[in-house]
Structure formats: structure tokens, C-alpha cells
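below are the sequence and a predicted model; questions follow.
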Amino acid sequence: MPLKIYNSLTRQKEVFEPINAPYVGMYVCGPTVSGESHLGHARPFITFDVVYRYLLHKGYKVRYVRNITDAGHFEEEGKVAEDKIATKAILEKLEPMELVQKYTNLYHWAMTQFNNLPPSIEPTATGHIVEQIEMIKKIMADGYAYESNGSVYFDVVKYNDDYSKKNQPYGILSGRNIEEQLDTTRDLENQEEKKNKVDFALWKKAPIEHIMRWQSPWGEGFPGWHIECSAMATKYLGKQFDLHGGGMDLQFPHHECEIAQSTVCNHQMPARYWMHNNMITINGRKMGKSYNNVIKLSELFEGNHAELTQAYAPMTVRFFILQSQYRGTLDFSNEALQASEKALRRFMEGYEWLQAQSFSNDTVSKDEALATQLTTWVKELELFMDDDINTAKVVANLFEILPSINSLKDKHIAQDAVAGSVWNLVQTQLKVFVESILGLKVDKGANRQQLNGVVELLIEIRKQAKANKDFATSDKIRNQLAAMGIQLKDEKDGSMSYSF
RNA sequence: GGUCCUGUGGCCGAGUGGCUAGGCAGAGCUCUGCAAAAGCUUCUACAGCGGUUCGAAUCCGCUCGGGACCUCCA
């Protein structure tokens, strides 16, 4: 089965065919490091991490480029246009690059917590000013951009007129048409500098108070809102690459502008497949800066926020996100996170037990129906991933398989009910999908060796107490450990296990 | 105002024409010194109205509700 993905550009699921298989070029819009990442940001990074992992699983050689926006974007703050990062730097009395470094570090820390693989290249906007200026010059030379008062704007109307004839009008990705845009776009400052209301900035003249500024053919300034992604994607992935990802809220104007800029420069649609993840909502609303309803990742991990009744482990959050399909909205609630936490713990206990077993390939299934069912569930995992990365269905199948694993463990089903070869298949495939593709791992506390020793000792004492029918002592040990968050379980074979 | 998406059981969330999604919570049972865990069983659904169809949560229309984008936003 080939991999199919939903292409926002064509609004349908398409078979994924790389331009130069087995090589795949993939670009994902990264964070603006002017603040700390929040739960909403986690979704694209986890979603596209899974896409990346799955492409690798499929045998592709992937170059995954995810940028860091550290130049700050143009922002309307009162009447004065200022660089977002520069503005905050003044407030916090920090150097802009110190601020950038601080939030970049926090972002990397969060990515590690989520067990996201690092991208192949993580370029920064400030590191590619030259490339951006060159690209702007090229667009101007082709007549699709003009200078006005030290700033450079992209001529959207001219682009639309010319490229509509080539079946690539402005708005091709977002489904907007420019006539409506011209009527409905709100008034922004510097409108008088632009030929058309819909034109967007490629280069902005820096006001005096602006800290981040670079020399350019048009005077001192800073790059516009969208040019960095076009410049860096072109540099590292070529004029046309396979996959472009990002949040749905970037579809317009960011990705639309990227398409226009890159198409003028490179004479082709920059990416063939555009994937957009949907938003995480909270109380039915998109989580976003504009709504003042964000939960930062550090708050989430520490439980330090008014909306949170407890802390949630990074893996819980990852699992929560993977339990839904990436194209639908996902509603945050404590109840939902708690459900994910419990489900993940239950699954991982069974999963870890299974991974510790070894099975002989020589045995034959006594329960053919169950063996067939298990095999089917396992084989479906790949089909579900092939169908537009449907992690929700993958997770559902993991929970179809889990009761059989626990039944084997608790001897509810016989050791020889299912052939060893089938269990081997379940074991190896689960490892592939759970760890390599979904990127889930067991949250193990660092260096618990001493603690483990203590717990083992208490278990020994409790065993003796139980053997002597001294239930007062055995219950005391169990209850007090439980109060400290350590669960003891009496297993069927008389042994005891524990989990944190 | 324009463009588009969406409404599934207590909560989260799959599913796009006929087949139990799944998780969490609730109930019962098994196991068990008790408990927990686990297993088994089980109750709550497809916003409303109309249409198409042998058959619709799934397609079409209308009504009502929610949301996103149009401005930096994952």
C-alpha cells in the first residue's frame, strides 16, 4: 500500500510520490522564538515528527528542514511598527539575540521532552539575510516587486494577473480570490506605500528605534513576513521539493505568500504536497496569543496554570495529540489529558512486559481465530499510517491488541493459544510502531537504582508478612508506598510488581 | 461582510452509504485475605427538520449552534 496524504493544495488525498525517490525534501515552519512555546505549538512539531519518522520507516532518505524565526516579524503595536523581538527585548532589558537564545534553548528542551527527532537542518532567519535579499532582488528584477520609501512590496495584483493564466492565481492554496481580498482587507499602516491593499512586504525599512536591522540595497531594514521560509527552503531543498508542513493558520497569508515569492523566483510551485495540522482548542477556542488562552509547555509539564488540575508528562501530551487525526481540531481539557495519561500507562505496562518476553517460533496456534485476529490488527497499523497518517486508528488498534497481551501475562489465555511466531510478529511490529514511528517511550525517572533497591526490600518484608498472615504489616507497607505514589501489585504467580 | 471548516454517547475522539472504532469515566462479574491491576460483560451516540436511497451518523437542502482564516499566530 502506498502512502497517501491529504494535500491542502488539491484538497484531496493523494499518493505520495517524491520527485527524486528515495530522497524526500520536507520543510516545516518552525517557531518564532520571541516567547515560550505553548501546547498549541506542540501539535505541528509532534505531527510532523511522526510524518518524518514514518517517511524514514518507509525507507526514504529525508532531509527535514525546520526553521527558527529569530528575526521577528513585522507587528502592529499601537501605531508604531516594530520588530516583535526587539520590542520585547526592550521590556525585558535583554539583547535581542540573548532573548532569541533563551527561547531557542527552551524550545529545544521542549522538543527533547516530546522525544521529537531533531531536523536535518534547523536554519535561522538571521543567518540567511543575504539569501533573502538576493531573492528580493530577483523578484524585483522580474517586475513583481517594487520599492517604496525604503521598503519593498510584492505586487500581488500583477502576480495574480500573470499567474492566473498559468492556473496558479494568488489564493490557490487558501481558496481565496483577490477581488474579495481587495474589498475586505483591513486598513494597515503604510497602506499609502503600497500599490494595492493586498501587497505584502518583502523588506521593511527599519524605524530608528528598531534594534534588529541590516544593510540592504534599499537602506537599513529587516526582512518581511514571509521571505525567510522561501529563501531557506530554496537553499536547502531546491526550487521544488516534496512536502511543506505547518499549522492551518499559516495557510493564509504565510504559505500563500511563500508560493507567490518562490514561484516568481524559481518558476515553479515550491512544494508539491502541502500538509496542514488543525488547531488545539481550549474551551472551544483556538489556543493562541491573540486569545490570551495559551498554556505554556513548562506550565503544562509542571501543572502550574489556572486551567490545569495537575501536571502532565510530555509523553502524555504526545499521546493525547496522537490519539486524534491531525486534520481535526483537538480540544484540551483536564479530563481528556487524564484519560490519555491513564490509557498510556496501561498500554505501556503491557507493552513493556511483552518486549521482555521471548517466544519460540516452533509452536503452533491452538486458537487460530485469535492468532489471525492479532495478525490482522498488527498488519493494519501500516495501512492506517498510509491513509494520511491516521495515528488515531493506529492507537485504537494498539488497544485492540493490548488485552491479549495482558491475558497472556495473567494466563487468561494459554501459553500455546497463539503461536510464538505470531507473538514475535506482535512484539517486533509493536516496537516499530510504538517507538520508532509514534515516538512513544516510557517515562523513566532518572537513576532510580537506589529507590528500586529499597522497594525490592520492602517487597521481601511484605512477602514474609503475608506468608505469616500478618496482613496488618503487609497492608501498611502497601498503603504507605501507595501514598508515596508507588503501586504494589500482587501478581498471579505470587510475585509482586510495582510501578511509579 | 467575504472564504472555509464543523456539530458523534458524561468527557476526548475515529469513522463518509449497509459491518463493535478506541481511550477515560460509570455498572456488573472473574481472580483475590483485602485491595489494586488485569480480563470478561455492559449502559449512555451520531444537533434538528425534510429529501435522495432497498438502506444514511455518512450524500443533498434548510434551520439552529460552534469554530478558523481574512492582522503576528502552529
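Sure thing, it's come through.

in the stretch 201-350 of chain A, which spans are helices?
Here the stretch 201-350 of chain A has its helices, by DSSP state H, counting those that start in this stretch, at A:227-237, A:256-266, A:297-302, A:314-322, A:334-356.

so which of the ones you listed comes closest to RNA strand B?
When those are compared by C-beta to the nearest atom of the strand, helix A:334-356 sits nearest RNA strand B, at 2.7 Å. C-beta coordinates here come from the backbone N, C-alpha and C atoms, glycine included.

now the closest one: mean pLDDT?
Helix A:334-356 shows a mean pLDDT of 94.

what helices and strands are in contact with the helix or strand that that helix is followed by?
Later in the chain than helix A:334-356, the nearest helix or strand by DSSP states H and E is helix A:368-386. Applying 3 or more C-beta pairs under 8 Å, 6 or more residues apart in numbering; DSSP states H and E, one finds that helix A:368-386 contacts helix A:391-409, helix A:420-431.

would you turn those helices into a markdown table with distance to RNA strand B, mean pLDDT and mean neighbour count?
Formatted as a markdown table, the helices and strands packed on helix A:368-386 follow (distance: least, C-beta to the nearest atom of the strand, whole Å; pLDDT from 0 to 100; neighbours: other C-beta atoms under 10 Å):
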| stretch | distance to RNA strand B | mean pLDDT | mean neighbour count |
| --- | --- | --- | --- |
| helix A:391-409 | 3 | 95 | 18 |
| helix A:420-431 | 14 | 96 | 18 |
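
and the ones you listed as TSV, adding distance to A:Glu228?
Formatted as TSV, those follow (distance: least, C-beta to C-beta, whole Å):
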stretch	distance to A:Glu228
helix A:391-409	30
helix A:420-431	39
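
and the helices of the stretch 201-350 of chain A as TSV, adding mean neighbour count and distance to A:Leu381?
Shown next, in TSV, are the helices of the stretch 201-350 of chain A (neighbours: other C-beta atoms under 10 Å; distance: least, C-beta to C-beta, whole Å):
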stretch	mean neighbour count	distance to A:Leu381
helix A:227-237	24	30
helix A:256-266	24	34
helix A:297-302	19	28
helix A:314-322	23	13
helix A:334-356	16	13
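
distance to RNA strand B for these - can I get that in TSV?
Below are the helices of the stretch 201-350 of chain A laid out as TSV (distance: least, C-beta to the nearest atom of the strand, whole Å):
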stretch	distance to RNA strand B
helix A:227-237	9
helix A:256-266	9
helix A:297-302	12
helix A:314-322	7
helix A:334-356	3
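
need those helices in a markdown table (columns: distance to A:Leu438).
Formatted as a markdown table, the helices of the stretch 201-350 of chain A follow (distance: least, C-beta to C-beta, whole Å):
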| stretch | distance to A:Leu438 |
| --- | --- |
| helix A:227-237 | 26 |
| helix A:256-266 | 30 |
| helix A:297-302 | 19 |
| helix A:314-322 | 6 |
| helix A:334-356 | 11 |
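
can you say which of those helices is nearest to A:His276?
Relative to A:His276, the nearest member of these by C-beta to C-beta is helix A:256-266, separated by 12.1 Å.

tell me what the closest one is packed against?
Under the contact criterion of 3+ C-beta pairs under 8 Å, 6+ apart, helix A:256-266 touches helix A:129-141, strand A:151-154, helix A:156-164, helix A:227-237.

how about the ones you listed in a markdown table, adding mean pLDDT?
Formatted as a markdown table, the helices and strands packed on helix A:256-266 follow (pLDDT from 0 to 100):
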| stretch | mean pLDDT |
| --- | --- |
| helix A:129-141 | 96 |
| strand A:151-154 | 94 |
| helix A:156-164 | 91 |
| helix A:227-237 | 96 |
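
let's have the ones you listed in JSON lines, adding distance to A:Pro253.
Shown next, in JSON lines, are these (distance: least, C-beta to C-beta, whole Å):
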{"stretch": "helix A:129-141", "distance to A:Pro253": "16"}
{"stretch": "strand A:151-154", "distance to A:Pro253": "11"}
{"stretch": "helix A:156-164", "distance to A:Pro253": "10"}
{"stretch": "helix A:227-237", "distance to A:Pro253": "12"}
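
how about the residues of the stretch 401-500 of chain A near RNA strand B?
Within reach of RNA strand B by C-beta under 7 Å from any atom of the strand, the stretch 401-500 of chain A has these residues: A:402-403, A:406-407, A:409-410, A:412, A:466, A:471, A:474-475, A:478, A:487-490, A:492.

kindly recompute the last result at 6 Å.
Residues of the stretch 401-500 of chain A found near RNA strand B (C-beta under 6 Å from any atom of the strand) are A:402-403, A:406-407, A:410, A:412, A:466, A:471, A:474-475, A:487, A:489-490.

out of those, which two sit at the greatest distance?
Using C-beta to C-beta, the two most remote members of those are A:Leu402 and A:Phe471, lying 32.0 Å apart.

could you report the neighbour count for the residue of the stretch 1-150 of chain A found nearest RNA strand B?
Of all residues in the stretch 1-150 of chain A, A:Gly40 sits closest to RNA strand B, with a separation of 2.3 Å (C-beta to the nearest atom of the strand). Per other C-beta atoms under 10 Å, the neighbour tally for A:Gly40 reads 23.

that one reaches A:Arg285, doesn't it?
No - assessed by C-beta atoms under 8 Å, A:Gly40 is found out of contact with A:Arg285, at 10.8 Å.

which single residue of the stretch 101-250 of chain A ends up nearest RNA strand B?
Of all residues in the stretch 101-250 of chain A, A:Gly247 sits closest to RNA strand B, with a separation of 1.6 Å (C-beta to the nearest atom of the strand).

what is that residue paired to in the beta sheet?
Under the criterion DSSP bridges, A:Gly247 forms beta bridges with A:Asn277.

does it touch A:Pro31 like I think?
No - the criterion here is C-beta under 8 Å, and A:Gly247 misses it with A:Pro31 at 10.7 Å.

give me the common contacts of these two.
Here A:Gly247 and A:Pro31 have no joint contacts, going by C-beta atoms under 8 Å, 6 or more residues apart in numbering.

put the alpha carbons of stretch A:299-311 into CSV.
Extracted as CSV, the C-alpha positions of stretch A:299-311 are listed here (Å, rounded to 0.1, in the frame of the first residue of the first chain):
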residue,chain,number,x,y,z
GLU,A,299,3.4,25.2,32.8
LEU,A,300,1.9,22.0,31.3
PHE,A,301,4.7,19.8,32.5
GLU,A,302,4.7,21.4,36.0
GLY,A,303,0.9,21.7,36.3
ASN,A,304,1.4,25.4,37.0
HIS,A,305,-1.6,27.1,35.3
ALA,A,306,-5.1,28.0,36.4
GLU,A,307,-6.6,25.7,33.7
LEU,A,308,-4.7,22.7,35.0
THR,A,309,-5.7,20.4,37.8
GLN,A,310,-2.3,18.6,37.7
ALA,A,311,1.0,18.3,35.8
